[in-house]
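Participant: can't give you the sequence, but here's the structure:
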């Protein structure tokens, strides 16, 4: 596998407010996720997955919610992690945001 550029990846519309682009190896998946339609009045629904996750806020601002934790206001340049199996959600605070999400193992449900 050679170098893959962001501009060469195919975008996938998750819904009318979320678009995702992916790159992965055998053990790691990176998703660039573009959110629009903000600011939101409430968080997205909580969810969890068996994958470990790290997320970098590339653009915009969000409120990050994780079970048993105090919500955290995050902005471009911030990074957060989510352990396997923990409920979490975000709330878009700006009109748009871009997150760079990394998952291990890869999320087969995204492919």
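Facilitator: Looks like it came in fine. For clarity, every value in this text was computed on a predicted model and none was experimentally measured.
Participant: which residues of the protein fall in strands?
Facilitator: For the chain, the strands defined by DSSP state E occupy 12-15, 18-24, 29-35, 52-59, 61-66, 72-75, 79-82, 88-92, 97-104.
Participant: Point out where this protein drops to low pLDDT.
Facilitator: For the chain, the stretches flagged by pLDDT under 70 are 1.
Participant: Pull up the gap between the closest residue to residue 35 other than its chain neighbours and residue 109, please.
Facilitator: Nearest residue to residue 35, sequence neighbours excluded (Cβ to Cβ, 6 or more residues apart in numbering): residue 97, at 4.6 Å. From N, CA and C alone the C-beta is placed, and that goes for glycine too. Counting by Cβ to Cβ, to the nearest Å, the gap between residue 97 and residue 109 amounts to 22 Å.
Participant: next one: residue 30
Facilitator: Distance from residue 30 to residue 109, by Cβ to Cβ: 15 Å.
Participant: The two: which has the busier surroundings?
Facilitator: residue 30 (17 against 7; other Cβ atoms under 10 Å).
Participant: Isn't the more buried one up against residue 6?
Facilitator: No: at 10.1 Å, residue 30 does not count as touching residue 6 under the criterion of Cβ atoms under 8 Å.
Participant: Thanks a lot, catch you later.
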